[in-house]
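>>> Generate a structure from the sequence data that follows.
(chains A and B)
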Amino acid sequence: MPTVSVTVARDVTEAVKVPRAVFVPWPMGHHFGVPFHRNLQRRIVLSALGLLETADEPGTILDLPIKWAEVRREAKVLTEQGQRL
Amino acid sequence: MTAADKTTAPAVDPREAGTQLRPGLWHTINERYPGSMIRKESFVPQAHMVRPLQQARISLVSSCGAHRKADAPLDVCHPFGDFRFLRVPSTSRHDDLIIHQLKYPHDDADLDINVIFPIERLQELHEEGRIGSLTGNFFSFIGYNMDPARFEETVARGIAEAVVQEEKADCALLAPA
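Numbering: from 1, shown residues only, chains lettered A, B, ... in the order given. Coordinates of the predicted model:
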């Protein structure tokens, strides 16, 4: 059965040789972003699910180099405005 | 102090560079918890989707320790880990769930479970027709354990059998917290 991982530790994912994965450069416990940032959470989920259909080679890792500093800035705005994206 | 503590900070702040925030995590954890980390020598044969996502039945598996508030939590204090797993109904909402885990920061996930267990995002994608269906249960366990071989024979095998045989999933999204 095909599986896809979302990882914040690219080196660990490489070591355990998963079939396919999406890497995000974020802290542990934040694989899908930050609270209430629905758009960002969807983006990561859809990227991972898309890889189920497109990754042909074992060990395919899709890098999503979305900077954590940018994510935190967006999270701060969300918190201050009491909004959800 | 271990060798991992002596590593110098990267020249560019990884938060601004978009690189792994804690480089060398495998070695760091393996040094602090000897024998806890695994390294595979080869890949398993690549499985492919048998139907498009719009028709596929998807499951979610995570080591984040999320579970229904009504269920007893797994043992987060056992020195070797808890070699059981929990079923989380895929219809659950944020307010139905709680996280018991000590080995990663889940303060943000406590505010919004989707940060680590994107159950509501998957529900939305299903409602929009972008995912065929969700398995009745999703799966959660405690990532920390000190016996990878036993873990593979208990938790990993148990979840794999449940996802394939009980839930009839076509594919699974994995979130290793």
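>>> Point to the residue nearest the middle of chain B.
Most central in chain B under CA atoms, centre = their mean is B:Ser62, positioned 2.3 Å from the mean C-alpha point.
>>> Distance of A:Arg42 relative to A:Arg20?
19 Å (CB to CB, to the nearest Å). (Glycine included, C-beta is placed from N, CA and C.)
>>> Look at those two and report which has more neighbours.
Between A:Arg42 and A:Arg20, counted using other CB atoms under 10 Å in any protein chain shown, the more crowded position is A:Arg20 (24 against 20).
>>> So the more buried one sits against A:Thr13, correct?
No. Using CB atoms under 8 Å, A:Arg20 is not in contact with A:Thr13, being 9.9 Å away.
>>> shared neighbours of those two, anything?
Taking CB atoms under 8 Å, 6 or more residues apart in numbering or on different chains as the contact rule, A:Arg20 and A:Thr13 both touch A:Ser5, A:Ile61.
>>> Let me see the mean pLDDT of the helix ranked longest in chain A.
Taking DSSP state H as the criterion, chain A has its longest helix at helix A:38-54. Helix A:38-54 carries an average pLDDT of 97.
>>> List the buried residues in stretch B:24-31.
The neighbour-count check on stretch B:24-31 (16 or more other CB atoms under 10 Å in any protein chain shown) flags B:Gly24, B:Leu25, B:Trp26, B:His27, B:Thr28, B:Ile29, B:Asn30 as buried.
>>> Go ahead and confirm the first one touches A:Arg10.
No. In this structure B:Gly24 lies outside contact range of A:Arg10 using CB under 8 Å: 10.7 Å.
>>> just the strands in the chain please.
No chain in the question, so chain A it is. Using DSSP state E, the strands of chain A run over residues A:3-7, A:20-23, A:60-63.
>>> wait, I meant chain B there
For chain B, the strands defined by DSSP E cover B:57-62, B:66-68, B:85-89, B:97-99, B:133-134, B:137-141, B:171-175.
>>> ranking those strands by burial, who's on top?
Ranked by average neighbour count under the criterion mean count of other CB atoms under 10 Å in any protein chain shown, the strands of chain B are headed by strand B:137-141 at a mean of 25.
>>> got the contact list for B:Leu102?
B:Leu102 is in contact with B:Val76, B:Cys77, B:Tyr144, counting by CB under 8 Å, 6+ apart.
>>> again but with A:Phe23, I slipped
Going by CB under 8 Å, 6+ apart, the list of residues near A:Phe23 reads A:Thr7, A:Val8, A:Arg10, A:Thr13, A:Ile61, A:Leu62, A:Asp63, A:Leu64, B:Gln20.
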